[in-house]
Structures are given as C-alpha cells and as structure tokens.
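Visitor: Kindly return the folded structure for what I paste below:
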Amino acid sequence: MLSKKLINFALLILVNTMWAAQYAAYKTASAQMGPVTVSAWTFLFAALILLPFLVKERMASANARGTGSWSRSDWTGFVMIGVFGLIPASALLAWGTERSTASNAALIYLTVPILTAVLASVILGERMTRIRWVSLVISLAGVLLLSRPDLRQQSLARSEFLAGNVLVLLACASSSFYNVYSKDLLKRFSGLEILVYGYAIALVPSILLLIWFEPLTWSVIASYTTATWISVLVLSVFSWGLAMVLWMFVLGRLDVTQASVSIYLLPFLGVLISSATLHEHITGSMLIGGGVTLAGTILITVAESPSA
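Guide: Below is the predicted model of the structure:
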C-alpha cells in the first residue's frame, strides 16, 4: 500500500514538472499566435500524438470501456469538458499570460486546488477531511513563502495586469471544472479516451473561433519562428500530452481533491527549472517554501488513504 502511495506521489511530481513549463511556453507562443490559435494547434498535435496509443489500447482489449455506443450523458460530458474545460483553460491562460506575466499566472494558478475542492464537493460529493484541509493550508503557506518576492512587488494588483490576471483566474476555474468532470468520465472511459475525444471535440469550436477571430493564412503560418513551434510542441507533447496521461492515471487512483493539491508544487518546480535553464538565483526562503509545499503534498497523497 505504501509503495502505491509513493508511486502516486512520484507521478504527481513528474506531472507538475511538465506542467511547470507551460507558462514560459504560452508566453513565447503568444508572441506570434493568438490565444485561440495556440489552443487549436496544441489540441491538434496532442490528439495526434496520443491517438496511436489509444488505438493500441483499444486493440489490446476488445472490451475496453467506452467501446459501445455513447449515451446522451457521455456526449454531454465530453462537450462539457471540451467547451467549458479545455478551450477556456488553454485559450484564456494563453491570453491572460500575454496580458500579464508568467509569474502572475503561476501565482494565480494557486487557486486551482481550492476551486477543485469546492467543485469536487458539489459535483462529485467528495468529502473534505481534516487531513485535506491541513494539507491545503500547509501547501499554500509554503507557496506564499516561496513567492515572497512577487508578492512584495505587488505585481498582481497592478492595473496594467488586471485584465490578464482575471483571464488567468477564469482559466483556473475552467481547469478545475475539467479535472472534476473528467473524474466522473473515468468511471466509463479510459484516460486516453477522455484526452483524445476531449481534444477532438474541443478542436471543432476552436476552428470555428479561428475562422471568426484569428483567420490563418499560409503566410502567417510560414512566419512562425522555430521558438514558437518548439513552444507549441512543449505544450502538446508534455503539458497537454504525457503529463495529462499520467494525471488521468493518478486521478483514477486518488480523489480529485487529493491530486489537485500537488498543483501547489508548480511555482517551486518552476523556480528549479528556471535555475537550471536560465541560471536564476534560488534563495533560502524559496528552498524552505518548496520544502513546506512538498510536505503538504506528501501529507495528502501518502498519509491519507484514497477513497477512490
């Protein structure tokens, strides 16, 4: 049992490490692409990358979940996660990060575990235990300690960033909604099915929005730099690809509230990535804050037995 919990914890660390790269990737891609364009390319590439694995999964098991005809609730579920979860979670994050800063986006993303806990309680009936509340508080305290320089600068409250910060907050609400609704779909579909079908459904309104708001031409596509395409691939392969596959796997083993607390690791992991790639300085308070956040994640994933 302990080894299973440690595996869950290790997977959450890996997932959040890949998610931590999305802020810089969105910032870079949005320099040339509009938010809908970034999302459309991301969903397209992510679906194409995951499709062979889904085909292999379906061929390996003729009785796999979801192989029969879909019910009306199944269609409703996928439309809900596609239209109200995936599209705004990606497009609004890209748009908001463009109008604000990557640091602000990372800080605002701290609302995801809290929003997820509330939605999971309302939609799924998950119970907020004492350990869950304690772990939320510990993890949040660690992140606030980690983020003292940003909070001291009060960049979150600056008027020029207000619109972008609101957009990021709306993206967080959509991401929380996607996590909760996906947990319900996992009762009838595999993680790969939820991802590929969800991305495919999200692509339809994304293309319509592209035609209306951000029409593409060959000259525009040809003008994209190598850095822009690399950023889109990072989003497709890691943030919305491999990371989401592992996330769905863990979500099938833990309550969504338990798994979402690990999102508090994003700022700390982002600092480590920045230090390794950009040689940014790490302070003692950052290390302490990261350690406290890590302790909160361990508490909810290892100390509490999953109810799933």
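Visitor: buried stuff in stretch 21-37?
Guide: Judged by neighbour count (16 or more other CB atoms under 10 Å), stretch 21-37 contains these buried residues: 21-30, 32-37. In short, each C-beta sits where N, CA and C put it, glycine included.
Visitor: Span of that stretch from start to end?
Guide: Chord length of stretch 21-37, first to last residue, is 19 Å (CA to CA, to the nearest Å).
Visitor: Can you show me the helices along the stretch 151-300 of the chain?
Guide: 159-185, 191-213, 218-222, 226-233, 243-251, 256-260, 266-278, 284-298 (DSSP state H, counting those that start in this stretch).
Visitor: Dump the ones you listed into a markdown table; add mean pLDDT as well.
Guide: Listed next are those as a markdown table, based on pLDDT from 0 to 100:
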| stretch | mean pLDDT |
| --- | --- |
| helix 159-185 | 84 |
| helix 191-213 | 93 |
| helix 218-222 | 91 |
| helix 226-233 | 94 |
| helix 243-251 | 90 |
| helix 256-260 | 74 |
| helix 266-278 | 61 |
| helix 284-298 | 58 |
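Visitor: and the closest residue to Leu203 other than its chain neighbours, what does it touch?
Guide: Spatial nearest neighbour of Leu203, excluding adjacent residues (CB to CB, 6 or more residues apart in numbering): Phe43 at 5.1 Å. Residues in contact with Phe43 (CB atoms under 8 Å, 6 or more residues apart in numbering) are Leu86, Ser90, Tyr199, Ala200, Ala202, Leu203, Ser206, Trp240.
Visitor: ok, the first one to Ala202 distance?
Guide: Right, Leu86. 4 Å (CB to CB, to the nearest Å).
Visitor: out of the contacts of Phe43, which are buried?
Guide: Using 16+ other CB under 10 Å, the buried members of the contacts of Phe43 are Leu86, Ser90, Tyr199, Ala202, Leu203, Ser206, Trp240.
Visitor: and which of the buried residues of stretch 21-37 is nearest to Tyr181?
Guide: In terms of CB to CB, no member of these lies closer to Tyr181 than Gln22, at 20.4 Å.
Visitor: contacting residues around that closest one?
Guide: With CB under 8 Å, 6+ apart, Gln22 has these contacts: Leu93, Val234, Leu235, Ser239.
Visitor: Report the contact partners of the third one.
Guide: Okay, so that is Leu235. Gln22, Ala25, Tyr26, Ala29, Val38, Thr42, Ala46 are the contacts of Leu235 under CB under 8 Å, 6+ apart.
Visitor: Find residues that contact each of Leu86 and Ala202.
Guide: Common contact partners of Leu86 and Ala202 (CB under 8 Å, 6+ apart): Ser39, Phe43.
Visitor: Any stretches of the stretch 1-150 of the chain with poor pLDDT?
Guide: Residue ranges of the stretch 1-150 of the chain with pLDDT under 70: 1-2, 62-68, 101-104, 106-107, 110, 128-129, 131-133, 135-150.
Visitor: Does Thr116 lie in a helix or a strand, and which?
Guide: Using DSSP states H and E, Thr116 sits in helix 111-119.
Visitor: What separation do you get for Phe53 and Ala46?
Guide: Look at Phe53 and Ala46: by CB to CB, they are 12 Å apart.
Visitor: neighbour-wise, which of these two wins?
Guide: Per other CB atoms under 10 Å, whichever of Phe53 and Ala46 has more neighbours is Ala46, with 30 against 14.
Visitor: Can you report phi and psi for Phe45?
Guide: Taking degrees, to the nearest 10, you get phi -70, psi -40 for the backbone angles of Phe45.
Visitor: And for Asp255?
Guide: Backbone torsions of Asp255, given as degrees, to the nearest 10, read phi -70, psi 150.
Visitor: hang on, it packs against Ser121?
Guide: No: using CB atoms under 8 Å, Asp255 is not in contact with Ser121; the gap is 10.3 Å.
Visitor: Of the two, which one has the most company?
Guide: The neighbour count for Asp255 versus Ser121, taken as other CB under 10 Å, is higher for Asp255 (22 against 14).
Visitor: picking up where we left off before, quick check: helices, which of the contacts of Leu235 are part of them?
Guide: Mapping the contacts of Leu235 onto helices (DSSP state H) picks out Gln22, Ala25, Tyr26, Ala29, Val38, Thr42, Ala46.
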